[in-house]
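1. What would the 3D arrangement of this be:
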Amino acid sequence: MGRPQLQGSILTGVLGALLALPGVVFAGFGLYLLILALASASGRREQPVVAAPANRLVVIVPAHNEEQLVARCVTSLLAQSYPRALYRVVVIADNCSDGTGSIAAAAGAEVMVRSEADALGKGRALRWATDQLLAAPDRPDAVVVVDADSVADPNLLSALEAELGRGHSVVQADYSVLTDELSSPRTQLVAAGFLLFHRVRFSGRARLGMSANLVGNGMLFSRAALEAHPWSAFSGVEDLQYSIELRLAGVGLRFAPQAFVSGPGPATRAGEVRQRLRWEGGRFHVVKTRLWVIVRTAIARRDPQLLDAALDLATPPLGLLSMATGAGLVVVAAAAALGLAPIWALIPWLVALTAIPAFVLIGLRAARAPRSMWTAVARAPFYLAWKLARYASLVSGFDPNRWDRSDRSNTSASRRVEIAGVPIDAVDMRAAIARVRGAIGAGRLFQVSTINLDFVVRAQTDPDVMRIFRRTGMNLADGSPVVWLGRLLGVEMPGRVAGADFVPAMIRDLAGSGARLFLLGGEGGVAAAAGERLGQLYPGIVIAGTYEPPRAAVEDMNNAEILARIAEAKADVLLVALGHPKQERWIDRHRDQLSVSVAIGVGCVLDLIAGRSRRAPRWMQIAGLEWLYRLAQEPHRLVRRYLTDAVWLVPIAAGVVRSRLAAPRAVDTA
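-> You can find the predicted model right below:
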């Protein structure tokens, strides 16, 4: 071999080593995650907690302007299997400008009001509350922290306290994202990420004898732990920061696999951007400022547990790790193809690229992820492309001490947009249900309408219908054309909230809350049949009464008798199935005489619940073709209506475009 060839071979080898080195690092991270997934999938499932509880607990619920969700959280905490005499639920109304405190008190919680506008943030609220609670004469044995937007599993406190009884002073529950069959693919993908990060990594680490990390929700701290190490983290990632401080102090963090708490994901893409910037920007800041401190301390103490903490902290987020591995593989493969690097430089990159999806697949199976999450994971490449822009924005700088309130999927404010004069609330299913729940017991009638294109068209020629729609408490986008028109205006419409989906989902949410329903309307016994069916589907719901009035115009109905029946039933929610616009007119005409909190015009929903009618296949609903299915079922009744709506759609859409050009923004309404 000549000297030039030898030099070329050496340069190729050196370049190959330089290209392979980051691949070795990424392969190490990938294999670490894969080991955790395999550990999580191995062994027997944890048995339910059966030990008798013995500790007095205080559950703290930090809440900043959470009036729509705090009652649901408190209700779930007061329904715990843990002995009621052994725990208190305390809501911190933290610098609130809404009714969070009064709603929490009405739901049964104790309320502590904090007014320190110059010291915002969950971390400061926790320190303020724990200082007071631990200094009180009846100080608890342990403190549990649950976010105000969350729903606690009935065994949350029992499972956390069981780990306290085994000698663990800091315990983290299994925190997941609330999902159901109505959740968007984006929410399902976020939920899958939560399962992989929390359930899979934490359970795998627990089976390998490693500590967990705190994730801000479902945390238990013994009194001794808080007295020795008061809460000292006040950044946007206070949970991770506090985890590091505890680990450096020699305190282990225990994962409780039988303790479950769930919370909603971000409602909007903008909200998800803010949340991701806060979480991942904060995590990068902690890595930059604390990683080498942990490594140095671990070496000085010869503490392998701290080295394990350093490894876990250094492991990049799964999305970033996947993108970096894919990009590295492409670069090295190109170098090898051009003869600039040896083929063996690809080996660590291939190992990483194999380990990462193996972690996802094995992890989702170990976490018992539902089928909807597997489907959502197939969209991950598109999601990663979106996240790449988010990571790029971190390069310009990140303030780790900035505090932002998380964007909730249910908020006290909704965005309202006008389509041809008809107000439409741009809310998703969860937000709509939360507004109904918040309206129960509020003292005034909350009318809900489900608006499709035909409703919008009728409002153009009937001033009375337009007046009703403009005074209702919430108008849901029932039809796909309404959603499309809203988006044409530039509003981020979450999607259809069809009455046929909304009513059963609302009733399922209210089951067990004590809410009472009255079903008014229908024919041929459909109201009674729907009530019986609802009782079978949702055993916790109270069907306070049903009534099918004789056919008549609104003003000629036996209204005094109807109102008396509803009042006698002491109903909270009234479902009116008289058809549009009769049902909306009836509710509006009697709004000052109705004793209920919520009244909803439901059209043919009772027929669907009772099994008298059938909906279009799911794929047609998703594609916005449900109207075509209905037309095929009832052509003589619907063909004229649909033709009229189609003719009106042209000027309505033109008006929407003009409005967008004139004022391209929606109106925020409380």
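
2. rest of the way, CA atoms for contacts and neighbours
-> OK.

3. contacting residues around residue 202?
-> Applying Cα atoms under 8 Å, 6 or more residues apart in numbering to residue 202 gives the contacts 211-213, 255.

4. Just give me the longest helix of this protein.
-> In the chain, with assignment by DSSP state H, the single longest helix is helix 3-41.

5. Packing partners of it?
-> When contacts are defined as 3 or more Cα pairs under 8 Å, 6 or more residues apart in numbering; DSSP states H and E, helix 3-41 sits against helix 201-207, helix 318-337, helix 347-366.

6. Partner strands of the very next helix or strand once past the first one and their direction?
-> Just to be clear, that refers to helix 201-207. As assigned by DSSP states H and E, the chain's next helix or strand after helix 201-207 is strand 219-222. Strand 219-222 pairs in its sheet with strand 142-145 (antiparallel), strand 170-177 (antiparallel), by DSSP bridges.

7. outside of strand 219-222, which residues touch it?
-> Counting by Cα under 8 Å, 6+ apart, 141-146, 160, 164, 169-173 sit against strand 219-222.

8. so how far is residue 20 from residue 127?
-> 47 Å (Cα to Cα, to the nearest Å).

9. Which one's more surrounded, the two?
-> residue 20 (23 against 16; other Cα atoms under 10 Å).

10. Please tell me how far the nearest residue to the more buried one once chain neighbours are set aside sits from residue 336.
-> Closest residue to residue 20 apart from its sequence neighbours, by Cα to Cα, 6 or more residues apart in numbering: residue 345 at 4.8 Å. With distances taken as Cα to Cα, residue 345 is found 8 Å from residue 336.

11. quick one, which of those two is more surrounded?
-> Comparing residue 345 with residue 336 by other Cα under 10 Å, the one with more neighbours is residue 345, at 24 against 18.

12. what secondary structure does the more buried one sit in?
-> Reducing the assignment at residue 345 to three states with DSSP: H, G, I helix; E, B strand; the rest coil gives helix.

13. That one reaches residue 24, doesn't it?
-> No: the pair residue 345 and residue 24 does not pass the contact test of Cα atoms under 8 Å, sitting 9.6 Å apart.

14. circling back to that earlier point, in JSON lines: the strands paired with strand 219-222, plus mean pLDDT.
-> Listed next are the strands paired with strand 219-222 as JSON lines, based on pLDDT from 0 to 100:
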{"stretch": "strand 142-145", "mean pLDDT": "97"}
{"stretch": "strand 170-177", "mean pLDDT": "93"}
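
15. winner for burial among these?
-> Comparing the strands paired with strand 219-222 by mean neighbour count (mean count of other Cα atoms under 10 Å), strand 170-177 ranks first with a mean of 26.

16. so after that one, what's the next helix or strand?
-> Per DSSP H and E, the helix or strand that comes after strand 170-177 is helix 185-194.

17. Check which helices and strands that next one sits against.
-> For helix 185-194, the packing partners by 3+ Cα pairs under 8 Å, 6+ apart are strand 170-177, helix 371-377.

18. For the last one, buried residues please.
-> Within helix 371-377, the residues that count as buried by 16 or more other Cα atoms under 10 Å are 372-374, 376-377.

19. Save those residues as CSV, and put in distance to residue 40 and pLDDT too.
-> Shown next, in CSV, are the buried residues of helix 371-377 (distance: Cα to Cα, whole Å; pLDDT from 0 to 100):
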residue, distance to residue 40, pLDDT
372, 21, 73
373, 18, 76
374, 18, 75
376, 22, 70
377, 20, 73
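
20. Would you check which pair of these lies furthest apart?
-> The span of those, defined through Cα to Cα, is set by 372 and 377 at 8.8 Å.

21. ok, back up a step: now, which of the buried residues of helix 371-377 sits nearest residue 490?
-> Looking across the buried residues of helix 371-377 and measuring by Cα to Cα, the closest to residue 490 is residue 376, at 25.9 Å.

22. And the closest one, how far from residue 504?
-> From residue 376 over to residue 504 (counting by Cα to Cα), the distance is 24 Å.

23. Also residue 442?
-> 22 Å.

24. Same drill for these two, tell me which one is more crowded.
-> residue 504 (17 against 12).

25. Give me the phi and psi for that one.
-> Reported as degrees, to the nearest 10, the phi and psi values for residue 504 are phi -60, psi -40.

26. Need the pLDDT of it.
-> Residue 504 is assigned a predicted lDDT (pLDDT) of 89.

27. Partner strands of the longest strand seen in the chain, with direction?
-> Counting by DSSP state E, the longest strand found in the chain is strand 254-263. Neighbouring strands of strand 254-263 in its sheet, by DSSP bridges, are strand 151-152 (antiparallel), strand 170-177 (parallel).

28. What strand or helix carries residue 449?
-> Residue-wise, residue 449 maps onto strand 446-451 under DSSP H and E.

29. could you redo the strands paired with strand 219-222 as a markdown table and give each row distance to residue 325?
-> Output for the strands paired with strand 219-222, formatted as a markdown table (distance: least, Cα to Cα, whole Å):
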| stretch | distance to residue 325 |
| --- | --- |
| strand 142-145 | 37 |
| strand 170-177 | 27 |
